[in-house]
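Asker: Here's my sequence, what's the structure:
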Amino acid sequence: MSKLKRNVWIISFIVTAGGFFLLYKFTIHPSTVSGNGNPALIILWLFWPAFICFYYLTGQTTRVIFTKYRNINLIFSVLLICTGASLLLLIPITSFAGQLIETLGGPSTEPDSRIYRFPLWNQYTNSLFFNIYTFLLSIFVTAIIATSTLLIKRGN
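Answerer: Numbers count the residues shown, from 1 in each chain. Here you go, the predicted structure:
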């Protein structure tokens, strides 16, 4: 990996982590009334190029590292670890989602819910999709995809 690409990867990581943090912080607390739409969409619109750049470069970096070492046991070990970590991350993600939906008074189909008739992603549920758990999950999934494509390409 060239020095420029590494620096872009590091900067895009910092911007992506900051974007996830801002999207999390722009979640309206369930006890507050919000009638102005979802302000986090502005952040997402501004940060999506950094998100795409970071995930692309993460995948490329993963592929370069495994192509360089050419150790099939290492590749399978990392693939297994990333898959296991992804599955383990689903536990706090689903727990957090359940707690938030309960705090909001139920899902969007419940008439007494604060998010009644709202889409699933709204100003009250930004934190469901943008938090530390989903950020880590997205990195692991990127590594899984990059590693799997390398194995498929190597198999052909």
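Asker: Where do the helices of this protein begin and end?
Answerer: 3-25, 40-69, 72-103, 126-129, 132-155 (DSSP state H).
Asker: The residue lying closest to Pro119 once chain neighbours are set aside: neighbouring residues, count only.
Answerer: Closest residue in space to Pro119, ignoring its immediate chain neighbours: Ser108 at 7.2 Å, by CB to CB, 6 or more residues apart in numbering. Any C-beta I mention is one placed from the backbone N, CA and C, and that applies to glycine too. Ser108 sits with 17 neighbouring residues when counted by other CB atoms under 10 Å.
Asker: Wait, Ser108 touches Phe118, no?
Answerer: Yes: with contact defined as CB atoms under 8 Å, Ser108 reaches Phe118; the gap is 5.2 Å.
Asker: can you pull the pLDDT of the residue nearest to Leu151 when sequence neighbours are not counted?
Answerer: The spatially closest residue to Leu151, leaving aside those adjacent along the chain, is Ile75, at 6.5 Å (CB to CB, 6+ apart). With respect to pLDDT, Ile75 scores 86.
Asker: how near is Ile75 to Pro119?
Answerer: As defined by CB to CB, to the nearest Å, Ile75 lies at a distance of 39 Å from Pro119.
Asker: quick one: which of these two has more around it?
Answerer: The neighbour comparison of Ile75 against Pro119 (other CB under 10 Å) goes to Ile75, with 20 against 9.
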